[in-house]
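Student: When you get a sec, could you give me coordinates for this:
(2 chains)
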There are 2 protein chains.
Amino acid sequence: MPLDKSTHTEIFTALDPAPRLLMGPGPVNAYPSALQAMATPMLGQFDPQFTGYMNEVMVLYRQIFQTQNRWTLLVNGTARAGIEACLTSMITPGDVVLVLNFGRFGHLLKEISERCGGRVVTIETEWGTVFEADAVRDAIKRHRPRIVATVHGDTSTTMAQPLAEIGAACREFDALFYVDATATLGGMPVEVDGWQLDAVTSGLQKCMSGPPGSSPITFNDRVADLVTSRKHIEEGIRPSGYVAAPGQRIQSNYFDLAMLMDYWGPDRLNHHTESTSMLYAARECARVVLGEGLDHTFARHQLASAGLRAGLQAMGLKLYGDEKNRMDNVTGVYIPDGVDADRLRTELLVDFGIEIGTSFGALHGVIWRIGTMGYVCQKTNILRCIASLDAVLRRNGYGAPAGAGIDAVYGAYDGK
Amino acid sequence: MPLDKSTHTEIFTALDPAPRLLMGPGPVNAYPSALQAMATPMLGQFDPQFTGYMNEVMVLYRQIFQTQNRWTLLVNGTARAGIEACLTSMITPGDVVLVLNFGRFGHLLKEISERCGGRVVTIETEWGTVFEADAVRDAIKRHRPRIVATVHGDTSTTMAQPLAEIGAACREFDALFYVDATATLGGMPVEVDGWQLDAVTSGLQKCMSGPPGSSPITFNDRVADLVTSRKHIEEGIRPSGYVAAPGQRIQSNYFDLAMLMDYWGPDRLNHHTESTSMLYAARECARVVLGEGLDHTFARHQLASAGLRAGLQAMGLKLYGDEKNRMDNVTGVYIPDGVDADRLRTELLVDFGIEIGTSFGALHGVIWRIGTMGYVCQKTNILRCIASLDAVLRRNGYGAPAGAGIDAVYGAYDGK
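Tutor: Model (predicted):
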């Protein structure tokens, strides 16, 4: 095709970023096969090949979420889109929503629940800790919420909230339990059925090792019944004689789970046009994770975190937060006195090609967050991170005992 | 990594779909370089390389949208996500919204506007036609809407609504003019500034020849001022002492344009995690379109549609809709009597690898829709489509004059 560029057209060069090892709290490096999957050519959204892939994605993510839930599908947006899809479909304006707030993403659940019209009650705990189940049960008993919402692992504090007892308390008081498992799915057990979680959402860009932009979600019949009671099929595609359900219409069209059920279910009723390449990526990420095996994957994350933490401590650095509830895939570490935190992060990025995370709110400038998520979570990367951090800290005036960090990582991997 | 697959794990085979030529109303085949771009490794969302790419995307889409609008960015979702982001951010509950309804996607704008709390007034015109500017101006004068919303090209009817005079009428009566240009951007002129369009949204999967799942949008300062007056930065990332704007909080967090402005602007305030691979694709699609040149691109679409239409008519088939307002990238054609419409489409798909479109509502089973969009819009594909359609029609009992369709396509391309 001949070009007839205007002299003012500005088109830049082809993509060619310097490579990065992403050891922040996500996004992380994607599986090479997931990147390749995205280069697969397009299919029409109702091509039997494509609807077949959609069905396979449902089967794959049931296994990832450890659930029998029929409604296990993708929301076409980032992890936040999945959160909003569940909350806006589950919360009827005026409903009492109890949010367990133990970090930045608890604030987010509160904020989204409010925008959905929920009457939000929160309970709070000090950053770096999680809730005792009894305290949550007491709050449920006191406030009698229709919905209880919590983050599973909040990367802002590196803490993971145990969920099984809270799931039981929600059933006891007939509340629906929503969990944001963005940062844990694929890196730590998320036992949707075993822990009685009613709706769970996630993202690809953390331990699933895909790109951000697709949100796997699952919900059970308790939630499906609720959203079906609010189902209003949009004009233009309604069957003739259609009568909408009696419940209040969901305030978002894009995030309407009842319509997503019709799109992913056998009716295949037109809604959005499924994001082809992101579905390809989601499918491939699940295949890799399941191919490795969930138990093996979880053990790999535990071992890598143990290695990283041993290395950091051997360098004389102090770890952040309640030891027994730390996530297995991200570690908070205090920034040593006298070190310019942002300068060090920049040197690590530019000179060593490694990204680690800064922090939000009161922890900004106090801790760094180092992720060991998914494809990144490998011995070679833990060693590379510790060696590089040691070098950059030394250059910035903090001298760790020579070789101590690396020796400790080797030791952890050698089972010493 | 050793595998420890459970015997019950079901992981399916790697992706390997049979190739399809997508000549429906979208999604269409993506540019090969856009598919390759998506295989580019991940970057952190605040990596200067990545924020640089975000800034380049803004520059590229200003050119695609023919606008100087600073706020030209991507919504992370399908085209429908971009629509909802604009409407939910622009419509304060109770606002009068005038929707121009000339097809299935006019129904969608009505539906979304209602969910956003708008008091929706619609004007209607027969499917297959568009509105006269005077009729729209009269409706604006009568209803005095805060927002006028229309589709530019509605693929359901293959019609394109002229917009310049409506843009002028909106300014005259101080209404904001929202346009859904999903199906036209990159295939027909969308002169955002020239036609006084205040907010315009689109998708990648039609004439931009990318995957579905990213929505380029643009809006001017009239819209930016409105959404800024409703800005409520979420808890957890607010600066201390923050006071929210006086306007009513936008009912969606994910689609809050005020927060998207803070994320895409120099503040880089955390919101969602930008969908890395889809941004790569969006960037590459714009590079290819601008590299060809908009004028050349538009002419290519016109010529291909002319060729396709000549071929269809030479085969004795009748075209759908008002000739002078047809879109340049999709053609409606009546299904001949006695032909099983769905069977023919299936044979075209399975035997020839070509997908053409069915239709919605009253047009289902009455017309097919054949797209000539973006990368697909090439002489070789028009010839292949006509030859294949001729063969399949013949096999199904409809005998067009031998060779007439192909000769007419050649003739159109030869300028005869």
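
Student: at contact distance from chain B, anything in stretch A:112-132?
Tutor: Yes: using CB under 8 Å from any CB of the partner chain, a contact is recorded between stretch A:112-132 and chain B, made by A:112, A:115-117. C-beta: built from backbone N, CA, C; applies to glycine.

Student: Please render those as CSV that adds neighbour count to the earlier fields.
Tutor: CSV is the format used below for the residues of stretch A:112-132 next to chain B (neighbours: other CB atoms under 10 Å in any protein chain shown):
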residue, neighbour count
A:Ile112, 26
A:Arg115, 24
A:Cys116, 27
A:Gly117, 18
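
Student: Please flag which of those sit within helices.
Tutor: Here DSSP state H is the test, and the residues of stretch A:112-132 next to chain B give A:112, A:115 as lying in helices.

Student: pLDDT averaged over stretch A:229-248, what's the number?
Tutor: Averaging pLDDT along stretch A:229-248 gives 88.

Student: and what of stretch A:95-114?
Tutor: Stretch A:95-114 comes out at a mean pLDDT of 97.

Student: how about that stretch: buried residues?
Tutor: For stretch A:95-114, the neighbour count (16 or more other CB atoms under 10 Å in any protein chain shown) marks A:95-114 as buried.

Student: Report how far apart the opening and closing residues of it are.
Tutor: With CA to CA, to the nearest Å as the measure, the first residue of stretch A:95-114 is 10 Å from its last.

Student: Distance from it to the middle of the chain?
Tutor: Computed by CA atoms, centre = their mean, to the nearest Å, the chain-centroid distance of stretch A:95-114 equals 16 Å.

Student: Show me the helices in the stretch 1-150 of chain A, by range?
Tutor: With helices called from DSSP state H, counting those that start in this stretch, the stretch 1-150 of chain A shows them at A:32-38, A:48-65, A:79-90, A:104-115, A:133-143.

Student: Nearest to B:Arg326 among those helices would be which one?
Tutor: helix A:48-65 (28.4 Å; CB to CB).

Student: Which residues does the closest one contact?
Tutor: With CB atoms under 8 Å, 6 or more residues apart in numbering or on different chains as the test, helix A:48-65 has contacts from A:43-45, A:68-70, A:72-74, A:185-186, A:190, A:192, A:200, A:208, A:216, A:218, A:264, A:268, A:274, A:276, A:279-280, A:282-283, A:286-287, A:289-290, A:294, B:9-12, B:15, B:17-18, B:20.

Student: Need the residues that contact stretch A:23-32.
Tutor: Here stretch A:23-32 makes contact (CB under 8 Å, 6+ apart) with A:20-22, A:155, A:183, A:203, A:205-206, A:209-212, A:281, A:284-285, A:288, A:330, A:354-357, A:369-376, A:381, A:385, B:41-42, B:44-45, B:273, B:276-277.

Student: could I have the longest helix anywhere in chain A exported to CSV, CA atoms only?
Tutor: Taking DSSP H as the criterion, chain A has its longest helix at helix A:294-314. Extracted C-alpha coordinates of helix A:294-314, given in CSV (Å, rounded to 0.1, in the frame of the first residue of the first chain):
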residue,chain,number,x,y,z
LEU,A,294,-1.7,-25.6,42.0
ASP,A,295,0.1,-27.3,44.9
HIS,A,296,3.4,-27.1,43.2
THR,A,297,2.8,-23.5,42.3
PHE,A,298,1.9,-22.5,45.8
ALA,A,299,4.9,-24.3,47.2
ARG,A,300,7.2,-22.4,44.7
HIS,A,301,5.8,-19.1,45.9
GLN,A,302,6.4,-20.1,49.6
LEU,A,303,9.9,-21.2,48.9
ALA,A,304,10.8,-18.0,46.9
SER,A,305,9.4,-15.8,49.6
ALA,A,306,11.3,-17.6,52.2
GLY,A,307,14.5,-17.2,50.2
LEU,A,308,13.9,-13.6,49.6
ARG,A,309,13.1,-12.9,53.2
ALA,A,310,16.1,-14.8,54.4
GLY,A,311,18.3,-12.8,52.0
LEU,A,312,16.9,-9.5,53.1
GLN,A,313,17.3,-10.3,56.7
ALA,A,314,20.8,-11.5,56.3
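
Student: what's the spacing between it and its chain's center?
Tutor: The answer for helix A:294-314 is 19 Å, by CA atoms, centre = their mean.

Student: which residues in chain A form strands?
Tutor: Ranges of strands in chain A, per DSSP state E, are A:21-23, A:71-75, A:96-101, A:119-124, A:147-151, A:153-154, A:159-160, A:176-180, A:199-201, A:215-219, A:330-334, A:354-356, A:367-371.

Student: the inter-axis angle of the second one versus strand A:215-219?
Tutor: Right, the one you point to is strand A:71-75. Strand A:71-75 runs at 150 degrees relative to strand A:215-219, counting by axes from the mean of the first three to the mean of the last three CA atoms, to 10 degrees.

Student: so what's the nearest residue to A:Ser229 once chain neighbours are set aside up against?
Tutor: Once flanking residues are discounted, A:Ser229 sits nearest to A:Gly247: 4.1 Å by CB to CB, 6 or more residues apart in numbering or on different chains. The contact partners of A:Gly247, by CB under 8 Å, 6+ apart, come to A:92, A:226, A:229-231.

Student: at 7 Å what do you get?
Tutor: A:Gly247 sits next to A:92, A:229-230 when contact means CB atoms under 7 Å, 6 or more residues apart in numbering or on different chains.

Student: Among the residues you listed, which one sits closest to chain B?
Tutor: Nearest to chain B among these, counting by CB to the nearest CB, is A:Arg230 at 11.6 Å.

Student: Confirm for me that that closest one is in contact with A:Ile250.
Tutor: Yes: between A:Arg230 and A:Ile250 there is a contact under CB atoms under 7 Å: 5.4 Å.

Student: Now for the most centrally placed residue in chain A: which residues touch it?
Tutor: Centroid-nearest residue in chain A: A:Thr182, 1.5 Å away (criterion: CA atoms, centre = their mean). A:Thr182 is in contact with A:79, A:201-203, A:206, counting by CB under 7 Å, 6+ apart.

Student: Pick out the most distant pair among those.
Tutor: Maximum distance among the contacts of A:Thr182 (CB to CB): 12.4 Å, for A:Thr201 and A:Lys206.

Student: Neighbour count for those two, which is higher?
Tutor: Per other CB atoms under 10 Å in any protein chain shown, whichever of A:Thr201 and A:Lys206 has more neighbours is A:Lys206, with 30 against 25.

Student: Could I get the contacting residues of the more buried one?
Tutor: By CB under 7 Å, 6+ apart, the contact list for A:Lys206 reads A:26, A:28, A:182-183, A:187, A:373-374.

Student: how far away is the residue of the stretch 301-416 of chain A at minimum distance from chain B from B:Val223?
Tutor: Nearest residue of the stretch 301-416 of chain A to chain B (CB to the nearest CB) works out as A:Glu355 at 4.6 Å. Distance from A:Glu355 to B:Val223, counting by CB to CB, to the nearest Å: 35 Å.

Student: what ranges of chain A fall below the confidence cut-off?
Tutor: For chain A, the stretches with pLDDT under 70 are A:1-7.

Student: one more time with 50
Tutor: By pLDDT under 50, the weakly predicted segments of chain A are A:1-6.

Student: Give me the domain ranges for it.
Tutor: Annotated domains of chain A cover A:32-289, A:294-413 [automatic domain parsing].

Student: End to end on the longest one, go ahead and measure it.
Tutor: Across domain A:32-289, the straight-line distance between its terminal residues is 13 Å, by CA to CA.

Student: From the chain's centre, how far out is that domain? Work that out for me.
Tutor: Put simply, domain A:32-289 sits 11 Å off its chain's centre (CA atoms, centre = their mean).

Student: same deal with the shortest one?
Tutor: Put simply, domain A:294-413 sits 20 Å off its chain's centre (CA atoms, centre = their mean).

Student: Look up the closest residue to A:Arg395, ignoring the ones flanking it.
Tutor: Spatial nearest neighbour of A:Arg395, chain neighbours left out: A:Glu347 (7.1 Å); criterion: CB to CB, 6+ apart.
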